[in-house]
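**Student:** Give me the fold of what follows.
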Amino acid sequence: MPAGVLFVHNNFPAQFRDLAQTLMARGVPCAAIGASRAPGVPNMPIGRYGLDRGTTPDIFPFAIRAEADLIRGAAALRMAKALKAEGFDPAVIVGHPGWGETIFLDEVWPDARRVMFAEFFYRGRGLDIDFDNEFFETTEEAVLRGKAKNAVMTLAFTDADVIVSPTEFQASVLPPVFRPRVRVIHEGVDVDAIRPGPAEPLALADGRVIAPGAPVITHVNNHLEPLRGLHIFARALPRLMAEVPDAQVLVIGQDTARPYGGSAPDGRTWREVAFEGLDLDPARLHFLGKTPHARMLQALRLSTAHVYYTYPFVLSWSLVEAMASGCYVVASDTPPLHDAIEDGVNGRLLPFFDVTALSDTLIAACRDPEASAPLRAAARATAVAKFASRDGRAAWLALLQEFGLEIPAA
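**Tutor:** Below you'll find the predicted structure:
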């Protein structure tokens, strides 16, 4: 008789970590399918697939993503058959369909209920693709290629019993035909572990130390790219550094060959592009690289103001973690932020392209850090009310129980 849950995610566990660990701890049979480098969860069986071929040379450009997704789907199908041969028969499949792995699984388990995770549904216009034309022109090819990214994912959603999306904005970009099946469940962060606390000195790689009390601007941008506002942030810094001579800037993230928003031109990095020609004090601008989570939280507790900008795209965990840490969040007035920040209440929302507004706001924060105390407290309260992992966990468990999945009490 079918029992338990199959998780499917290219980089499992990713967004499913808390749910998977909770189910395992309660004795629910679980297994996973992921790509060859998927980290997995201790003691959970996982089928890590490899690809037996690449995409077809010179294939029609708009079909490249669909073919790649179908190739991954076929590879995941092989892993599913192997799991079934070992006796695994899930009652529910919880999958991220964005890379195609879920598309053929009904051939192995036709009666399993399917919950698909809707992280982002692409549009050629009105979201990230045509938002900022400084680096990439919005050509017809770019628009059509963007729409074509959805081909296999759309097929996966047609087979879903329920579609889970983390925020109202992310749910809103789905085609209307799917919205009756959507539940908004944010996986959340551990707001009991991630909370305001005393600032501690932060040691830098060169031996210097950022001490509590100094004006500190933080910016988390995992792939150091314009999609998360790197260029706008960079352009706000010369005035900040000139007018607040003791301000320190901490940037967390690393140069990435294939960031979400596309690679930088001419073989350069986006960091090189964004900071080229700016009059900045390198002794006060610190690129921390890919940073351990505990060190990132340490940086956030030092923060006088935390800058989070984004195109109309997925809301980052780092924004929620900054709110949970009680940061003064200075964010872009773009749709993803409307699910988290109310301007002047629990942070600031500024026009994305208005560099002057960002500089002014950061300078004011450094000159009068106590003025942001009410917004910091409200940001923390919002994180607890809307983005606590315990609430996301409870909503996920309730959804699975609707399908008849037996989940023992904790």
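**Student:** Quickly list what V216 is bridged to.
**Tutor:** Note on V216: beta-bridge partners by DSSP bridges are Q248.
**Student:** Pull the number of nearby residues for it.
**Tutor:** Burial measure for V216: 26 neighbouring residues, criterion other Cβ atoms under 10 Å. For every residue, glycine as well, the C-beta is placed using N, CA and C.
**Student:** my read: it touches L250, true?
**Tutor:** Yes - judged on Cβ atoms under 8 Å, V216 makes contact with L250 at a distance of 6.3 Å.
**Student:** Next, show the common contact partners of those two.
**Tutor:** Among the neighbours of V216, those also in contact with L250 (Cβ atoms under 8 Å, 6 or more residues apart in numbering) are 210, 299, 302-303.
**Student:** So which of these sit within strands?
**Tutor:** Within the shared contacts of V216 and L250, membership in strands is found for I210, as judged by DSSP state E.
**Student:** quick one: contacts for A63?
**Tutor:** For A63, the contacting residues are A148, taking Cβ under 8 Å, 6+ apart as the criterion.
**Student:** for the record, mean pLDDT for stretch 39-46?
**Tutor:** Averaging pLDDT along stretch 39-46 gives 96.
**Student:** hang on, D391 packs against V189?
**Tutor:** No - with contact defined as Cβ under 8 Å, D391 does not reach V189; the gap is 10.8 Å.
**Student:** any idea where the helices of the stretch 301-410 of the chain begin and end?
**Tutor:** 317-324, 355-367, 373-386, 389-402 (DSSP state H, counting those that start in this stretch).
**Student:** Ok, the stretch 1-150 of the chain next?
**Tutor:** Under the criterion DSSP H, counting those that start in this stretch, the stretch 1-150 of the chain carries helices at the ranges 17-25, 64-85, 140-148.
**Student:** and these as JSON lines, adding distance to L400 and mean pLDDT?
**Tutor:** Formatted as JSON lines, the helices of the stretch 1-150 of the chain follow (distance: least, Cβ to Cβ, whole Å; pLDDT from 0 to 100):
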{"stretch": "helix 17-25", "distance to L400": "8", "mean pLDDT": "97"}
{"stretch": "helix 64-85", "distance to L400": "19", "mean pLDDT": "97"}
{"stretch": "helix 140-148", "distance to L400": "33", "mean pLDDT": "94"}
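**Student:** From I59, how far out is I71?
**Tutor:** With distances taken as Cβ to Cβ, to the nearest Å, I71 is found 11 Å from I59.
**Student:** Which one of these two is surrounded by more residues?
**Tutor:** Using other Cβ under 10 Å, the more surrounded residue of I71 and I59 is I71, with 18 against 12.
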